[in-house]
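Asks: mind looking at a prediction? Sequence and model below.
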Amino acid sequence: MPDTHDGQLCERLPAGTITGPQTLLFAASTGIIVTNLFAPQTLVGLIGPSLGAGAASVGLVAMATLLGYAAGLFFLVPMADLAENRALILRMLLTAALAAGVAVFAPTIASLLVVLFVLGAACSAIQVLVPIAASMAPPGEAGRVIGDVMSGLMIGILLARPLASLVADAWGWRAFYGLSATALVLLAGVLGSSLPQRRPQATSSYGALIASLFGLLRDEPVLRRRALTAALVMAAFSLFWTAIALRLVQPPFGLGQRGIALFALVGAGGALATPLFGRAGDHGWTRSATIACHLVLIGAMALAAWAGASPSGASWQALVPMGVGAVLLDIGVTGDQTLGRRAVNLLQPEARGRLNGLFVGIFFVGGAIGSLLAGVAWSWGGWTCVCAIGTVFGAAALLVDWIGGPE
């Protein structure tokens, strides 16, 4: 018996069919795919010089995959309501593998940007995998299954930068994309033999689905507000993590790729605060917790600016506050996005997929803008300019909090 989902008839998979190993496979799949989105942030210091790109251009490298991912969320993921999902996922994964393989041999910065955009767009397969997992969950346990699968996504985000740095330290930045292409091909083979079919019985056209996204954005002020603050803090996040690879190689830090990898791993520990913000939203503290997140982000940028201001002195005296700033930044960004995702999911259950696509897509556009500005800010005023722009993003998010009112 087909279920109604997002205004269409969808063939639902048998409830309760998902097993523990299958849940682990979904989680591992999202983690493997998402590494491609954040790895470039730590590779820009190597990619730019090897392709003859100036500092102002390296931000484009980190921007390309994020912007591609946002485009995939807007224009590819809605096809999950029209096409058989397993086949769609396999096509997207093989496209991602091909793009990663081409990146290994990219001769110029322009050619690399094109293939990284395609790679990012194809990685939006993540948002096709999650609904399949939810549709296989036992009645009343879809939230638990989604949470378990999304934990793999978070682990992938945490490990992307340190993994890319370690691989690049050993074999160069091109080796990371060779490794990624291999992993994506193997993942496509595993999922092709284990995923069930999910065939939607569409009653709308592709054009109508895309058009409905604009209607949702127009009619839901909470979606607009939460997506805007998420985009602003994601811009600050991408700005910091793209430029930090350029700052840490300089005095007084003098870190190589291995040291940058360890720094990224420690800094990402702020994401462990995610459950606290979920509980804060459940207790009705969404607005106050969101304001706290944005204040923490501003404080993190101020601390990072102070830590990176001196070109000399003991490296640990600057590295410790820089690491604390990175942890605080991740806490602020993760908190805002956790609270925002919760608020958006409470709006229209029948349009939850498209609402999530809009929310995630918009904040990844913010991330792409932050990555783009990183190279420009670094060329213009160095680390101080980077942190100043990040502070402006945090202040803008606070302004949205103030004019938005209670939710």
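Replies: Arrived safely.

Asks: which neighbouring elements make contact with the longest helix along the chain?
Replies: Longest helix of the chain, by residue count under DSSP state H: helix 352-404. Contacts defined by 3 or more C-beta pairs under 8 Å, 6 or more residues apart in numbering; DSSP states H and E place helix 352-404 against helix 40-50, helix 55-75, helix 126-135, helix 206-219, helix 221-247, helix 286-307, helix 315-345. For glycine as for every other residue, the C-beta is placed from the backbone atoms N, C-alpha and C.

Asks: that one to helix 221-247, inter-axis angle?
Replies: Following axes from the mean of the first three to the mean of the last three C-alpha atoms, to 10 degrees, one obtains 90 degrees for the angle between helix 352-404 and helix 221-247.

Asks: helix 352-404 versus helix 55-75: what angle between them?
Replies: Using the same axes, to 10 degrees: helix 352-404 against helix 55-75 is 120 degrees.

Asks: on that earlier part again, least confident of the helices and strands packed on helix 352-404, on average?
Replies: Of all the helices and strands packed on helix 352-404, the minimum mean pLDDT falls on helix 126-135 (a mean of 80).

Asks: check which element follows that one along the chain.
Replies: Next in sequence after helix 126-135, counting helices and strands by DSSP states H and E, comes helix 142-171.

Asks: now do that following helix against helix 40-50, angle only.
Replies: Comparing the axes of helix 142-171 and helix 40-50 via the same axes, to 10 degrees yields an angle of 30 degrees.

Asks: mind giving me the packing neighbours of helix 142-171?
Replies: Using 3+ C-beta pairs under 8 Å, 6+ apart: helix 142-171 touches helix 20-38, helix 40-50, helix 126-135, helix 173-194, helix 257-267.

Asks: now that helix, how far from the chain's geometric center?
Replies: Taking C-alpha atoms, centre = their mean, to the nearest Å, one finds helix 142-171 lying 10 Å from the centre of the chain it belongs to.

Asks: and it, what's buried?
Replies: For helix 142-171, burial by neighbour count (16 or more other C-beta atoms under 10 Å) applies to 142, 145-146, 148-150, 152-169.

Asks: circling back: and the longest helix of the chain with helix 286-307, angle?
Replies: Interaxial angle, helix 352-404 versus helix 286-307 (the same axes, to 10 degrees): 80 degrees.

Asks: mean confidence score for helix 352-404?
Replies: The average pLDDT for helix 352-404 rounds to 90.

Asks: what's the angle between that helix and helix 206-219?
Replies: Between helix 352-404 and helix 206-219, the angle comes out at 20 degrees (the same axes, to 10 degrees).

Asks: so how far is helix 352-404 off the chain centroid?
Replies: 13 Å.

Asks: low-confidence ranges in the stretch 51-200 of the chain?
Replies: 55-56, 140-147, 150-151 (pLDDT under 70).

Asks: please report the distance of V327 from F253.
Replies: 17 Å (C-beta to C-beta, to the nearest Å).

Asks: before we move on, the earlier item: reformat the helices and strands packed on helix 352-404 as JSON lines; add distance to F359 and mean neighbour count.
Replies: Shown next, in JSON lines, are the helices and strands packed on helix 352-404 (distance: least, C-beta to C-beta, whole Å; neighbours: other C-beta atoms under 10 Å):
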{"stretch": "helix 40-50", "distance to F359": "22", "mean neighbour count": "24"}
{"stretch": "helix 55-75", "distance to F359": "9", "mean neighbour count": "25"}
{"stretch": "helix 126-135", "distance to F359": "11", "mean neighbour count": "23"}
{"stretch": "helix 206-219", "distance to F359": "10", "mean neighbour count": "14"}
{"stretch": "helix 221-247", "distance to F359": "5", "mean neighbour count": "25"}
{"stretch": "helix 286-307", "distance to F359": "14", "mean neighbour count": "21"}
{"stretch": "helix 315-345", "distance to F359": "5", "mean neighbour count": "21"}
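
Asks: please identify which of those is closest to V266.
Replies: Closest to V266 of the helices and strands packed on helix 352-404 is helix 315-345 (C-beta to C-beta; 5.4 Å).

Asks: I'd say V61 and I109 touch.
Replies: Yes - with contacts counted by C-beta atoms under 8 Å, V61 reaches I109, the gap being 7.4 Å.

Asks: need the residues touching each of the two.
Replies: Common neighbours of V61 and I109 are listed as 47-48, 53 (criterion: C-beta atoms under 8 Å, 6 or more residues apart in numbering).

Asks: wait, which of these is closest to P131?
Replies: Nearest to P131 among the shared contacts of V61 and I109 is I47, at 34.2 Å by C-beta to C-beta.

Asks: wait, what's in contact with that closest one?
Replies: Each residue near I47 by C-beta under 8 Å, 6+ apart is listed here: 40, 53, 58, 61, 109, 112, 173.

Asks: run a quick neighbour tally on the last one.
Replies: Neighbours of W173 under the rule other C-beta atoms under 10 Å: 26.

Asks: where does L82 fall, phi/psi-wise?
Replies: phi -120, psi -40 (degrees, to the nearest 10).

Asks: re earlier: out of the helices and strands packed on helix 142-171, which is closest to V102?
Replies: V102 sits nearest to helix 173-194 of all the helices and strands packed on helix 142-171, at 8.5 Å, using C-beta to C-beta.

Asks: hmm, who's touching that closest one?
Replies: Contacts for helix 173-194 (C-beta under 8 Å, 6+ apart): 22, 25, 29, 32-33, 35-36, 39, 43, 46-47, 50, 86, 89-90, 93-94, 96-98, 100-101, 103-105, 163-164, 167-168.
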